[in-house]
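S.K.: need coordinates for the below:
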Amino acid sequence: MFIKEFSEEDTIKDITDTGRTVFLYGAGTGGSSYSRITLAALINLGGKPECFLDDDCDKISVRIDNFIVNHINFLKKYRYKKITVVISSNYIAPMLEKIESFGIKDIRILSCAPLLRLASSSAYIDIMEYEEVLRRASTHEEKLLSKFSDEKPLINIIDLQITEKCTMKCKDCSNLMQYYDKPVHIGIKEIVESFTKLSKCVDVFKEVRVLGGEPFFNKDLYKIVNFLTGLKNVEKVAIITNATIVPKDHVLHELQHDKVFLDITNYGDLSKNHEKLISILKDKEIKYITHKPQEWTDSGRIVKNNLNNNQLAQAFSKCCVNDVVTLLHGKLYHCPFSANAYNLNAIPNKKSDSINISEYNNINKLRIDLKNFYFGRPFLEACKYCLGRDFSQSYIKPAIQTKKVLPIPLFNGT
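M.R.: Residues are numbered from 1 along each chain as shown. Alright, predicted model coming up:
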């Protein structure tokens, strides 16, 4: 039985009952995976799993913090016992179907979300920032809502790309800016039309990330921010910038809104206006965070990877942006890689990998298609041309600059 409603008392009772065997289903091996934070929460709350379960044969017999990974078919041995399965992955719908196929009589299936929230923040030290844990919990609940509710979906993060132009030329940019030879800005009219229609079928946008390229390049940025902050279902607006451009006064005025903050990546000498920008933001009392570039993986290349469907599903489930959607030129994509790869005409067109919002006149139809698109896909066709974006991969040096636009290595549409 899948438990959709939780009380704190019942949740803790389920995972600590000595008469039940507890399993964690979903053995992501990345350092920031659901498996690691769910295990930490479970132990913090007094529980202990028998083992991890997973569908991926390549993970079998791997150990995660001393707990072994067994194939999901291992559950068949417990068909006549009392068991609790905690879903520790975002690939929820097919996991539920697999468990239900075993016909286990006394089974309780729990979401990891309440565990993540109930555990002490100290449980996640050296694994993940607590705010990110809470974001993961919200994302997990969104997936559940898509399966069990007919209400409007909640979108955790949406990337609103407002330009293809950037002040830097990073050869390994995971948003593929290095391949644009004729970059353009996206106009305010196009953005307002597509986002307005989208907002009518979404309950809440927890965070709209305005980015590019470099968003301060777009002269309409102040209008875009004004539009977004005026929408009741937009909770936060983050401007993603590399601190190379200092915004003008009329832009700064819009950035003073309570919903807005700047997310600044400090690339050292490349972020030539970092200190000046910080000084102005402090003076204007504009919210911001500044940080060094996070660890980059080799995800800025377009390479046919020849993975089979199961491997593609596993790669997608581990992707660090699989809970993000990207709006670019009026089309909604599932990730920034697919958005820009298709926009560049760099990979063969697959219509199911995007939603063309301009084609919809029926908002209810758009809402239904959006939920299916956002929540119900094991992988994208674009995943076949991506090297993956999970933090179990080896890291590369961030922000290495190239003097020339890089040639697109694969498909050119001819």
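S.K.: from now on I want contacts and neighbour counts done on CA atoms only, so please keep to that.
M.R.: Will do.
S.K.: strands of the stretch 101-250 of the chain, residue ranges please.
M.R.: Secondary structure of the stretch 101-250 of the chain (DSSP state E, counting those that start in this stretch): strands at 107-111, 154-161, 204-211, 237-241.
S.K.: what is the least confident helix or strand in the chain?
M.R.: Lowest by mean pLDDT, DSSP states H and E among the helices and strands of the chain is helix 130-148, with a mean of 74.
S.K.: which stretches in the stretch 251-400 of the chain count as strands?
M.R.: Counting by DSSP E, counting those that start in this stretch, the stretch 251-400 of the chain has strands at residues 260-265, 288-291, 296-297, 324-328, 331-333, 354-356, 395-396.
S.K.: the third one pairs with which strands?
M.R.: For strand 296-297, the paired strands and their directions (DSSP bridges) read strand 395-396 (antiparallel).
S.K.: report the mean per-residue pLDDT for the partner strand.
M.R.: Averaged over strand 395-396, pLDDT sits at 86.
S.K.: which stretches of the stretch 201-350 of the chain have low pLDDT?
M.R.: Regions of the stretch 201-350 of the chain meeting the criterion pLDDT under 70 are absent.
S.K.: Val325 bridge partners, please.
M.R.: Partner residues in beta bridges with Val325, using DSSP bridges, are Ile158.
S.K.: count the neighbours of it for me.
M.R.: Neighbours of Val325 under the rule other CA atoms under 10 Å: 23.
S.K.: same thing with Arg63?
M.R.: Neighbours around Arg63, by other CA under 10 Å: 15.
S.K.: how about Ile239?
M.R.: Other residues near Ile239 come to 24 when the count uses other CA under 10 Å.
S.K.: try Asp55
M.R.: Residues contacting Asp55 under the criterion other CA under 10 Å number 19.
S.K.: would you agree it is in contact with Ile72?
M.R.: Yes - contact between Asp55 and Ile72 holds when scored by CA atoms under 8 Å: they sit 5.7 Å apart.
S.K.: could I get the full set of helices for the protein?
M.R.: Taking DSSP state H, the helices of the chain run over residues 8-16, 34-44, 92-100, 113-118, 130-148, 188-199, 221-229, 249-255, 274-284, 309-318, 336-343, 363-375.
S.K.: Ile104: which of the strands of the stretch 251-400 of the chain is closest?
M.R.: Among these, the nearest to Ile104 by CA to CA is strand 324-328 (34.5 Å).
S.K.: quick one, that closest one and helix 336-343 angle?
M.R.: Interaxial angle, strand 324-328 versus helix 336-343 (axes from the mean of the first three to the mean of the last three CA atoms, to 10 degrees): 30 degrees.
S.K.: strand 204-211 and strand 324-328, what's the angle between them?
M.R.: Angle of strand 324-328 versus strand 204-211, following the same axes, to 10 degrees, is 60 degrees.
S.K.: what sits up against strand 324-328?
M.R.: With contact meaning CA atoms under 8 Å, 6 or more residues apart in numbering, strand 324-328 is reached by 155-162, 332-336, 339, 374.
S.K.: TSV for the strands of the stretch 251-400 of the chain, including distance to Leu221?
M.R.: Formatted as TSV, the strands of the stretch 251-400 of the chain follow (distance: least, CA to CA, whole Å):
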stretch	distance to Leu221
strand 260-265	13
strand 288-291	17
strand 296-297	27
strand 324-328	15
strand 331-333	19
strand 354-356	23
strand 395-396	32
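S.K.: closest to Thr229 out of these?
M.R.: Nearest to Thr229, of the strands of the stretch 251-400 of the chain and by CA to CA, is strand 260-265 at 7.7 Å.
S.K.: quick one: which two of the contacts of strand 324-328 are the most distant?
M.R.: For the contacts of strand 324-328, the farthest-apart pair by CA to CA is Ile162 and Tyr374; their separation is 21.1 Å.
S.K.: those two: who's more crowded?
M.R.: Here Ile162 and Tyr374 are set side by side on neighbour count (other CA under 10 Å), and the busier one is Ile162, at 28 against 21.
S.K.: Leu380 - nearest residue in space that isn't next to it in sequence?
M.R.: Leaving aside its chain neighbours, Leu380 sits nearest to Asp353 (6.1 Å; criterion: CA to CA, 6 or more residues apart in numbering).
S.K.: what's the neighbour count on that neighbour?
M.R.: Asp353 - counted by other CA under 10 Å - has 22 other residues nearby.
S.K.: quick one: residues contacting it.
M.R.: Tyr333, His334, Ser338, Leu380, Glu381, Ala382.
S.K.: how about stretch 239-253: buried residues?
M.R.: Judged by neighbour count using 16 or more other CA atoms under 10 Å, the buried positions of stretch 239-253 are Ile239, Ile240, Thr241, Asn242, Ala243, Thr244, Ile245, Val246, Pro247, Val251, Leu252.
S.K.: poorly predicted segments of the stretch 1-150 of the chain, please.
M.R.: Looking at the stretch 1-150 of the chain by pLDDT under 70, you get 1-7, 29-32, 142-150.
S.K.: what's around Lys236, how many residues?
M.R.: Neighbours around Lys236, by other CA under 10 Å: 18.
S.K.: so what's it up against?
M.R.: The neighbourhood of Lys236, defined by CA under 8 Å, 6+ apart, consists of Phe205, Lys206, Glu207, Val208, Thr229, Lys259, Val260, Phe261.
S.K.: which parts of stretch 116-126 are buried?
M.R.: For stretch 116-126, the neighbour count (16+ other CA under 10 Å) marks Leu116, Arg117, Ala119, Ser121, Ala123, Tyr124 as buried.
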